[in-house]
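In: Next one to model:
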Amino acid sequence: MKGLKILLVITLSILLVPITAFAKDNKKVNVYFFRGKGCPHCEEAEQFFKSIEAEYGKYYTIVDYETWYNEDNAELMQKVAKERNEEATGVPYIIIGDESWNGYDTSYDDAIKAKIKKVYDQDPKTRYDVMKYVDSSKAKKDSSSDVIALILIILVAGGIGTGIYFVRKNAK
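Out: Residues are numbered from 1 along each chain as shown. Prediction:
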């Protein structure tokens, strides 16, 4: 019985890790960033977002879509532009709330920061998010969250297996 309690505690502890790891700050603003790998303007925009991360990082999350080598993402960019009644003529194509920027120039920096803060201050339930109106099921985000999820699943499975091993070992 003692072994079963230990197993239960270990299992619950291990299961809490993914819950806390995937807990999202749903108040953060999604910054949709359609880019091309190797695009110098996209790299400038990426550097800009890195430069404001210390001050503004708590307000936004970059949702990154590579469009030059991923046809699904290129198609998604066109769907998003169509939903917004505009043309996405190139990358980067940045969308924050109900505003977008086609291309990038340092003259956009203040407007982007102001928009991030403005949308962050809105009630998350009433914010405009273009992705709610676009079917993005085929698109693949360029992100490491899948790798993190896989690692956490492996850790959980390993922890449960280890717990079962020790319970059985102590029961003998």
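
In: quick one: R84 and E99 touch, right?
Out: No - under the criterion of C-beta atoms under 8 Å, R84 makes no contact with E99, lying 9.5 Å away. C-beta: built from backbone N, CA, C; applies to glycine.

In: Which one's more surrounded, these two?
Out: Taking neighbours as other C-beta atoms under 10 Å, R84 and E99 compare with R84 leading, 18 against 15.

In: residues contacting that one?
Out: Neighbouring residues of R84 by C-beta atoms under 8 Å, 6 or more residues apart in numbering: I95, S100, V130.

In: Let's verify the second one: helix, strand, or coil?
Out: For S100, the reduced secondary structure class is strand; criterion used: DSSP: H, G, I helix; E, B strand; the rest coil.

In: Any figure for the gap between it and K115?
Out: As judged by C-beta to C-beta, to the nearest Å, S100 and K115 stand 10 Å apart.

In: These two: which is more packed in?
Out: Between S100 and K115, K115 has the larger neighbour count (other C-beta under 10 Å), namely 22 against 18.

In: Closest to K50 out of the contacts of R84?
Out: K50 has its nearest neighbour among these in I95, at 18.8 Å by C-beta to C-beta.

In: what's the closest non-adjacent residue to the closest one?
Out: Leaving aside its chain neighbours, I95 sits nearest to Y32 (4.2 Å; criterion: C-beta to C-beta, 6 or more residues apart in numbering).
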